[in-house]
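Colleague: Pasting a predicted model and its sequence here:
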Amino acid sequence: MLTERQKAILKAVIENYIKSAKPVSSWDLTEKRDLRVSSATIRNEFAALEETGHLFQPHTSAGRLPTEKAYRFYVEGCLKERELARSEREKVAQELFSESEKRDAILKKTAKILSHHSHGLALVGFFDSEEIYRSGLSRLFSEPEFIGTNLVFEAAEALDELDSYFDKLLDAFAESAPEIYIGSENPLGLEEFSFIGRHYRLADRDGFLALMGPTRMNYRKNISLIEYLGEILDNIEKHA
């Protein structure tokens, strides 16, 4: 059981790392967060959070990084209020409805919008068809943790074989509420990536929209994007 101070420090580490993509030091938190504790206290709590499996220390850095367990804590305990900003909701809706009313065009546009606003890889499709609209591969691989690593090749290989994962995608995103798969939970077996997705229903057909990004992704914003785009697709007949 984490103390309230440990929860606050862990949340601060995660949000700092989401923004910076760099290991987080005690100095980072004392300088940039209003935690009102000393650097020495933060270092002690870092050690405690390593013991609980929420943080780890890369051997090349004095800072700490969140584990999958930390991200799960963050998603389930720190994102109660996650509604997309009104200005962004209006922008997303305007972008989507500027497209033609053809279903294929709407799905392609949905994938582009999701990728553009999340900086991740978007996948959109129907359950009764193995055609999946994709957008954002270059955005995903431009994230700093993937540059100069084999992760690009591993992910590209999995995406080339996406058809063989189709049933897993259907099982993973069968609910209208967003489902979040972090690291090793990823249905494509890519442990350095997280997946967020949900079910939608359009023109009496069941479909899914999903987003793949680094485990460091902005969960608050991306879950909100998935929720909002899913709501639009569920109700798109009302806008026709």
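Modeller: Arrived safely, thanks for sending.

Colleague: Can I get the helix or strand bottoming out on mean pLDDT in the chain in CSV, CA atoms only?
Modeller: In the chain, the helix or strand scored least confidently by mean pLDDT, DSSP states H and E is helix 166-172, which has a mean of 76. Listed next in CSV are the C-alpha coordinates belonging to helix 166-172 (Å, rounded to 0.1, in the frame of the first residue of the first chain):
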residue,chain,number,x,y,z
PHE,A,166,-7.0,-9.7,-36.1
ASP,A,167,-8.9,-12.0,-33.7
LYS,A,168,-6.8,-10.7,-30.7
LEU,A,169,-7.7,-7.1,-31.7
LEU,A,170,-11.4,-8.0,-31.8
ASP,A,171,-11.2,-9.6,-28.3
ALA,A,172,-9.2,-6.7,-27.0
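
Colleague: which strands and helices sit next to that helix?
Modeller: For helix 166-172, the packing partners by 3 or more Cβ pairs under 8 Å, 6 or more residues apart in numbering; DSSP states H and E come out as strand 193-202, strand 205-214. No exception for glycine: its C-beta is placed from N, CA and C like everyone else's.

Colleague: got CSV for these, with distance to residue 94 and mean pLDDT too?
Modeller: Output for these, formatted as CSV (distance: least, Cβ to Cβ, whole Å; pLDDT from 0 to 100):
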stretch, distance to residue 94, mean pLDDT
strand 193-202, 19, 92
strand 205-214, 18, 92
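
Colleague: Quick check: nearest residue in space to residue 184, chain neighbours excluded?
Modeller: Sequence neighbours aside, residue 191 is the residue nearest to residue 184 in space, at 4.8 Å (criterion: Cβ to Cβ, 6 or more residues apart in numbering).

Colleague: Start from the N-terminal end of the chain and give the helices.
Modeller: For the chain, the helices defined by DSSP state H cover 4-20, 26-32, 39-51, 68-77, 86-97, 103-118, 137-141, 151-160, 166-172, 219-234.

Colleague: between those helices, which gets the lowest average pLDDT?
Modeller: The stretch with the lowest mean pLDDT among the helices of the chain is helix 166-172, at a mean of 76.

Colleague: And for that helix, what's in contact with it?
Modeller: Helix 166-172 is contacted from outside by 123, 127, 130, 132, 179, 181, 187, 188, 195, 197, 208, 210, using Cβ atoms under 8 Å, 6 or more residues apart in numbering.

Colleague: Domain ranges for this protein, per the record?
Modeller: Following automatic domain parsing, the chain resolves into domains at 4-77, 86-239.

Colleague: Mean neighbour count added to those domains, as a markdown table?
Modeller: Formatted as a markdown table, the domains of the chain follow (neighbours: other Cβ atoms under 10 Å):
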| stretch | mean neighbour count |
| --- | --- |
| domain 4-77 | 17 |
| domain 86-239 | 17 |
